[in-house]
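# just to be clear, the model below is a prediction. Sequence and coordinates:
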Amino acid sequence: MLARLRAFISAWRDYPREKGELIGQRYEVLSRIGMGSYGLAYRCLDKLERRQVAVKQAKPSKRDTGKQMLKRERDILMQLDHPYIPACRDYFEEMGSAWLVTDYIEGYTLEQLIFEQGCIFGEKDTLRFVLSLMERVNHVHERGFVHLDLRIPNIILRGDDIYLIDFGLARRIGDESPSNDGEAERDKDGLPKRMPASKQSDLHDIGHLMLFMLYSGFTPTPGGGERSWSEELELTAGVRHILLRLLNEESNPYTETQEFIQDVQQALSDMDFRGRSH
Ligand SMILES: Nc1ncnc2c1ncn2[C@@H]1O[C@H](COP(=O)(O)OP(=O)(O)OP(=O)(O)O)[C@@H](O)[C@H]1O
């Protein structure tokens, strides 16, 4: 009974803001764009600067935890400065909630492009795409951070421009990384091991992201049974080698981002060479 009452009070406290409501006396809610376990996100109109912004709210029911998470995201965003990473515009606390305001990126997430719009990415498209994405990721790494959530819903395309969003799980390199990963290594008590945040973790995520892109062109054979990606996808040796290293499925995983970028460039130039000689 007590648990049900608690859940009811939380839901009431976290009730989303309605269209037209004003937040921080300045941001008018245009629509709700997301609802996670710790926060909500809105597309708002900044009445002062007359432009759209993305506003993230820490759920009041999460109290200090929610606020601390949003503050950390703000602190990290404020140390980044890249045209394809939304800048932090404002942060404030009001009515028991914390609010983080960033640039709003109008476009489609990579997830929407693949699963809703049916976009198909071949090997070349995928390699060119990750090369651009790595330029954003490198900026994050050079400033001393890792993103730790490089997934298809966190990449937005506006035309040909690729934006990297959602720094909610990002950490300083070497800090304890958050455990959001069902596949995380377990300690002797069966709890997920908290590993220091490392660039390798981002590279591993890029491997999965590439698989999502490459699978966009895959049609399963009926009754074909379950096979591994390396059996299902028809890949050139260069791309297969890159994926094996990214996904730690070979004895020499990438230790440096630059090594990965060089392999991508090499695979692309091999494809161009083969294209010319045919
Ligand atoms: N700057 C932005 N511009 C446009 N859309 C954004 C922006 N930031 C976030 N969004 C969208 O808002 C939604 C939620 O944002 P975000 O992923 O940052 O929050 P979250 O609480 O971490 O959610 P999730 O658990 O889904 O990752 C997503 O659909 C995302 O595409």
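Yes, it's here. Residues are numbered from 1 along each chain as shown.
# pLDDT below threshold where in the protein?
Residue ranges of the chain with pLDDT under 70: 1-13, 179-193, 277-278.
# nearest residue to the residue of it found nearest the ligand in space, please, no chain neighbours.
Nearest to the ligand in the chain, going by Cβ to the nearest ligand atom, is residue 34, at a distance of 2.5 Å. From N, CA and C alone the C-beta is placed, and that goes for glycine too. Spatial nearest neighbour of residue 34, chain neighbours left out: residue 41 (3.7 Å); criterion: Cβ to Cβ, 6 or more residues apart in numbering.
# whichever strand or helix holds the one you found: how far from the chain's middle?
Element membership for residue 41 (DSSP states H and E) is strand 39-46. Remark: strand 39-46 is offset 18 Å from the chain centroid, using Cα atoms, centre = their mean, to the nearest Å.
# and stretch 221-239, by the same measure?
Chain-centre distance of stretch 221-239: 25 Å, with Cα atoms, centre = their mean.
# quick one: end-to-end distance for that stretch.
In stretch 221-239, first residue to last residue: 22 Å (Cα to Cα, to the nearest Å).
# not counting it itself, show me its contacts.
123, 126-127, 211, 214-215, 218, 220, 240, 243-244, 263, 266-267, 270-271 (Cβ atoms under 8 Å, 6 or more residues apart in numbering).
# can we see that at 6 Å?
123, 211, 214, 267, 270 (Cβ atoms under 6 Å, 6 or more residues apart in numbering).
# what do you get for stretch 262-272?
Residues outside stretch 262-272 that contact it (Cβ under 6 Å, 6+ apart): 124, 127, 131, 238, 239, 242.
# what helix or strand does residue 56 sit in?
strand 51-58.
# neighbouring contacts of that strand?
By Cβ under 6 Å, 6+ apart, the list of residues contacting strand 51-58 from outside reads 27, 39-42, 44, 46, 66-67, 70, 97-102, 104.
# intersect those residues with the contacts of the ligand.
39, 41, 102, 104 (Cβ under 6 Å from any ligand atom).
# now tabulate these in JSON lines and tack on neighbour count.
Formatted as JSON lines, these follow (neighbours: other Cβ atoms under 10 Å):
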{"residue": "39", "neighbour count": "22"}
{"residue": "41", "neighbour count": "19"}
{"residue": "102", "neighbour count": "23"}
{"residue": "104", "neighbour count": "21"}
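# surely the residue of the chain closest to the ligand forms part of a strand?
Yes. Counting by DSSP: H, G, I helix; E, B strand; the rest coil, residue 34 is part of a strand.
# go ahead and confirm it touches residue 16.
No. With contact defined as Cβ atoms under 6 Å, residue 34 does not count as touching residue 16 (10.3 Å).
# does the ligand sit close to the one helix or strand residue 130 maps to?
Element membership for residue 130, per DSSP H and E: helix 123-142. No. Counting by Cβ under 6 Å from any ligand atom, the ligand has no neighbours in helix 123-142; the shortest distance is 13.4 Å.
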